[in-house]
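Novice: below are the sequence and a predicted model; questions follow.
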Amino acid sequence: MSATTQIDSAAAGRVGLLLARHSFADRVESERRGGFATYQPWPLEGHSDADAHEVDALCRLVNRGEVMREEIDEQTWADLCALDLASEPEGLGRFELTAHRSLIAARDRPSPTARGDVHIGEDSLRFAEAILGVAPTGVALDVGCGSGISTCALGRTCERVHAIDLVERCLDATALSMGLNGMGAKALVSDARLDNFEGSGFDCAIGNLPGVPVPPGLEYPPDGAGGPDGLALMRLFLERCQDTLINDRGVVIMRFQSLGDERGPLLLDELAEIAARAGWDISVHTESRIPVEVRAGLTAFHALPVNPGMEPVEMLARTDAHLRGTGYREYYASTLFARPGGGSVVWNNLSAPSLVHHPLRVRTDAPTLDTARTIVPNFYGRAHDLPDSFWELGSLAYIYEPAVRLPEIVDALAKPLTGTELLGLVFADEVAADPIRARFLYVTLELLLGCLLDAGVVGVVE
């Protein structure tokens, strides 16, 4: 651990062992599997457990923010306070914990009006999985370490991990996460900028960097801002990896979100040039895709607190105009793997088909509405793996409502309509109530339309 970040390593070790002994990670993952939120790091609103006992009291405190001081022994409470997971006399600390694939990770506890500087989202969990799948060895670098869950994934198999970030709270969170996972001795956590970081020759370099396309002149939280097209930091990271960051046997793993079209992410064309120049074989695995309208809604939501005086509708119009101006209608979430090779690029697309911008219509030979209703179980099954960021503004209601309004949807599609037109017609009440959050209905509506298309109930109008 560097002098930049200090935690009570003894307290972190004791709390980490206690959480492991009581299967904290398994409890969190079991709860996650019990609902639709397969990759949602935090409990969904309205969830309730059985009566609490001592184990539940600890888990509820660090994961849910529920304080039952009388159920936690004095030594454990003192350790929790030392780590800022609790505060005297009976309060919450600065950090809260989640877990994935047995890795415990910390973020700063969000306030009612802000999510905080340390973010853990669906992308964080998917990225940790990708790193665990590669199982890199040697000395590794984590650029933009954030909560430290990716740093901990490296720590599973690497001898040493250097983690850098510009945000002090992220460095603290990473140090805490590494300590709770028993990896504190492997970690060097420090404040550094990617553009002037002097380390070199790593066996592996990873990055899950901000990738939000932000309109020029608009303020945006630093954990998201990626320049006008969202790719500024990704380009810099890949350039530094080619230059000095990794050795000639080094592996690069990068989580990235990118504007694109139906041919794929915008970054793909640039990767072909990079692979040839660097002598890499690059694989890109795309897990999900959302319409740019959804990305515009999320961008507007997170921009509002740092742009006081701008109304939500005005902000949404601004983010919409910027993304429309790029000419791209999709937004992809992917993981990149680069290894020494011959300069090839392979794109593996696992995302659902793009339907929102295409007119659809009930087929003239379509089955009855009762037959159309048979797609609902398939729809709910697919909804267990929703695209990145859905749970930031989406809700369980946004999963149930398209199925509830299936008769209205089928009736409306008696004439050709795009998904955008269908949303405005069938979900006009949701759009009027909250135009930003309603954008996330595009995700589940598109999923439902895909099920109807697969079942032959609707067809694409050419």
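Specialist: That came through, no problem.
Novice: now do Ala20 against Asp26, distance only.
Specialist: Going from Ala20 to Asp26 by Cβ to Cβ, to the nearest Å gives 10 Å. Any C-beta I mention is one placed from the backbone N, CA and C, and that applies to glycine too.
Novice: no no, Gly34
Specialist: 12 Å.
Novice: try Gly201
Specialist: From Gly201 to Asp26 the distance is 38 Å (Cβ to Cβ).
Novice: not counting sequence-adjacent ones, nearest residue to the residue nearest the centre of the chain?
Specialist: Closest residue to the average C-alpha location of the chain: Asp123 at 2.7 Å, with Cα atoms, centre = their mean. Nearest residue to Asp123, sequence neighbours excluded (Cβ to Cβ, 6 or more residues apart in numbering): Asp388, at 4.8 Å.
Novice: I figured that neighbour hits Arg126, correct?
Specialist: Yes - judged on Cβ atoms under 8 Å, Asp388 makes contact with Arg126 at a distance of 7.2 Å.
Novice: can you list residues touching both of those two?
Specialist: 39, 287, 333 (Cβ atoms under 8 Å, 6 or more residues apart in numbering).
Novice: quick check on the residues you listed: which are buried?
Specialist: 39, 287, 333 (16 or more other Cβ atoms under 10 Å).
Novice: tell me the contacts of the second one?
Specialist: The contact partners of Glu287, by Cβ under 8 Å, 6+ apart, come to 126, 333-335, 350-351, 387-388.
Novice: the last one too?
Specialist: Residues touching Ala333, when contacts are defined by Cβ under 8 Å, 6+ apart, comprise 123, 126, 255-257, 286-289, 387-389.
Novice: in helices, which of these fall?
Specialist: Members of the contacts of Ala333 lying in helices (criterion: DSSP state H): 123, 126.
Novice: between the contacts of Ala333, which is nearest Asp165?
Specialist: Arg255 (14.9 Å; Cβ to Cβ).
Novice: might one say that Val284 is in contact with Ser344?
Specialist: No - judged on Cβ under 8 Å, Val284 makes no contact with Ser344 at a distance of 11.3 Å.
Novice: so for the two, which sits in the more crowded spot?
Specialist: Val284 (23 against 12; other Cβ atoms under 10 Å).
Novice: and that one, bridged to which residues?
Specialist: Val284 forms beta bridges with Leu336, Trp347, as assigned by DSSP bridges.
Novice: give the contact list for it.
Specialist: Counting by Cβ under 8 Å, 6+ apart, Val284 has contacts 265, 268, 271, 334-337, 345-348.
Novice: and it, how far is that from Val345?
Specialist: 7 Å.
Novice: return the longest strand that the chain contains as CSV; C-alpha atoms alone will do.
Specialist: Identified as the longest strand of the chain according to DSSP state E is strand 246-261. Extracted in CSV, the C-alpha atoms of strand 246-261 (Å, rounded to 0.1, in the frame of the first residue of the first chain):
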residue,chain,number,x,y,z
ILE,A,246,3.0,-3.3,-21.3
ASN,A,247,5.9,-5.5,-22.3
ASP,A,248,6.1,-7.5,-25.5
ARG,A,249,4.2,-10.4,-24.0
GLY,A,250,1.7,-8.1,-22.2
VAL,A,251,-2.1,-8.5,-22.2
VAL,A,252,-4.6,-5.6,-22.4
ILE,A,253,-8.1,-5.9,-21.1
MET,A,254,-10.4,-2.9,-21.5
ARG,A,255,-14.1,-2.4,-20.7
PHE,A,256,-15.6,0.2,-23.1
GLN,A,257,-18.9,1.7,-24.1
SER,A,258,-19.1,3.2,-27.6
LEU,A,259,-21.5,4.8,-29.9
GLY,A,260,-22.1,2.9,-33.1
ASP,A,261,-24.6,1.7,-35.7
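Novice: any buried residues in that strand, and which?
Specialist: 246-247, 250-260.
Novice: I'd like to know which elements that strand is packed against.
Specialist: helix 122-134, strand 202-208, helix 232-240, strand 264-265, helix 267-278, strand 330-340 (3 or more Cβ pairs under 8 Å, 6 or more residues apart in numbering; DSSP states H and E).
Novice: tilt between that strand and helix 232-240?
Specialist: Interaxial angle, strand 246-261 versus helix 232-240 (axes from the mean of the first three to the mean of the last three Cα atoms, to 10 degrees): 150 degrees.
Novice: how far away from the center of its chain is strand 246-261?
Specialist: With Cα atoms, centre = their mean, to the nearest Å as the basis, strand 246-261 stands 16 Å off its chain's centre.
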